[in-house]
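Novice: The following comprises the amino acid sequence and a computationally predicted model.
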Amino acid sequence: MLRTATALAAFCLGLVGIAAAIAPQPAPLTTAIATTASSRTAYAFDLDIQSSKINWRTHFDPRTTPHLQLVQPTRASLNNDQRRAFDDAAHRMDGVSWCASAEMGYIANVRLLREDADSATYAFQPTRDSIRSEQARTFAEHLRGEFTLTKTNPDIARVHIYAPAPFSPALLVNLTRVDITISCASAPNNRRFAAETVTEIAGSALGQAFTERTVQRTHDLAPAS
């Protein structure tokens, strides 16, 4: 299932940018988005992607072409499927993924689930326009989402996207589990970015069962100026 594994790496990267149809948003979310937008800074950073089939160490720098460079292993050592997956990720990546991105201003059906003195967690519905990955857009209606918003210096601390029930995104493909958890950390500009994304997908394709877990970590941010 190597083709499935390499596709999942691209799927994982594509889901980091989330948005949806225009709808009224909680005031703290609007504040978080506006503050993040006004504080945006270009950073170079390291990006690691690990699964059962791949173990990539990469470096992103907006001053180089392409911006995303493979550090280990070498690009020449990748097979065709892996090379296509990496090239697709490099083509789509345009910098740090901010948790309170402008896209979050378009999420739909936002409702409060729970809150405490420090944070509030909301549910939302992803849509086709909310997901960067062309493949994942086709089954956005099967996904649900939650995000946690801090109350002091409002910002998004965590995003969880999942499929509440099995579904078939394509002919002879059945997904029994889709679960993506994005954990956010503070950048040097004190705004939160997607520091770790854990994607778990299980199902079957062409009658063959598969289970895959992909972990993407962004770290060592440095101003690119």
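Specialist: Thanks, I have the structure now. Just so you know, these numbers come straight off a predicted model, no measurement behind them.

Novice: how far away is the residue lying closest to S186 once chain neighbours are set aside from H67?
Specialist: Using CB to CB, 6 or more residues apart in numbering and skipping the chain neighbours, the partner closest in space to S186 is R192 (5.7 Å). In this view, the C-beta of every residue, glycine as well, is placed from N, C-alpha and C. Noted for R192: a distance of 21 Å to H67, by CB to CB, to the nearest Å.

Novice: quick revisit: so what's the residue count around the residue nearest to S186?
Specialist: Look at R192: counted by other CB atoms under 10 Å, it has 22 neighbours.

Novice: That one contacts C184, doesn't it?
Specialist: Yes. The pair R192 / C184 is scored as a contact, 3.9 Å apart, by CB atoms under 8 Å.

Novice: quick one: contacts for the residue nearest to S186?
Specialist: By CB atoms under 8 Å, 6 or more residues apart in numbering, the contact list for R192 reads T36, W98, C99, A100, D155, I156, A157, C184, A185, S186.

Novice: Now do the phi/psi pair for it.
Specialist: Note on R192: its backbone torsions stand at phi -90, psi 140 [degrees, to the nearest 10].

Novice: returning to that earlier point: between R192 and C184, what contacts are shared?
Specialist: Counting by CB under 8 Å, 6+ apart, the residues touching both R192 and C184 are C99, D155, I156, A157.

Novice: Quickly note the distance from the last one to A100.
Specialist: Between A157 and A100 the distance is 10 Å, computed by CB to CB.

Novice: And the third one, by the same measure?
Specialist: Shown here: I156 relative to A100, a distance of 5 Å by CB to CB.

Novice: same deal with the second one?
Specialist: Summarising the geometry, the distance separating D155 from A100, computed by CB to CB, is 5 Å.

Novice: Give the residues shared as contacts by the two.
Specialist: Common contacts of D155 and A100, defined by CB under 8 Å, 6+ apart, comprise A32, T35, T36, R191, R192.

Novice: Which one of the residues you listed is nearest to T211?
Specialist: Nearest to T211 among these is R192, at 30.0 Å by CB to CB.

Novice: Farthest from the middle of the chain: give me that residue.
Specialist: Note on the chain: the largest C-alpha distance from the chain mean falls to G207, namely 28.2 Å (CA atoms, centre = their mean).

Novice: Verify the stated contact: that residue with L172.
Specialist: Yes. Assessed by CB under 8 Å, G207 is found in contact with L172 at 7.4 Å.

Novice: Could you export the longest strand seen in the chain as PDB, CA atoms only?
Specialist: Secondary structure of the chain per DSSP state E: the longest strand is strand 208-223. Output in PDB follows, covering the C-alpha atoms of strand 208-223 (Å, rounded to 0.1, in the frame of the first residue of the first chain):
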ATOM      1  CA  GLN A 208      -7.100  -4.800   0.400                       C
ATOM      2  CA  ALA A 209      -7.300  -3.400   4.000                       C
ATOM      3  CA  PHE A 210      -5.000  -0.700   5.100                       C
ATOM      4  CA  THR A 211      -4.300   1.300   8.200                       C
ATOM      5  CA  GLU A 212      -2.000   4.300   8.200                       C
ATOM      6  CA  ARG A 213      -0.800   6.900  10.700                       C
ATOM      7  CA  THR A 214       1.100  10.000   9.500                       C
ATOM      8  CA  VAL A 215       2.700  12.500  11.800                       C
ATOM      9  CA  GLN A 216       3.800  15.900  10.500                       C
ATOM     10  CA  ARG A 217       5.900  18.200  12.800                       C
ATOM     11  CA  THR A 218       6.900  21.800  12.100                       C
ATOM     12  CA  HIS A 219       9.600  23.200  14.300                       C
ATOM     13  CA  ASP A 220      12.600  25.500  14.600                       C
ATOM     14  CA  LEU A 221      11.000  28.600  13.100                       C
ATOM     15  CA  ALA A 222      13.400  31.400  12.200                       C
ATOM     16  CA  PRO A 223      12.500  34.800  10.600                       C
END
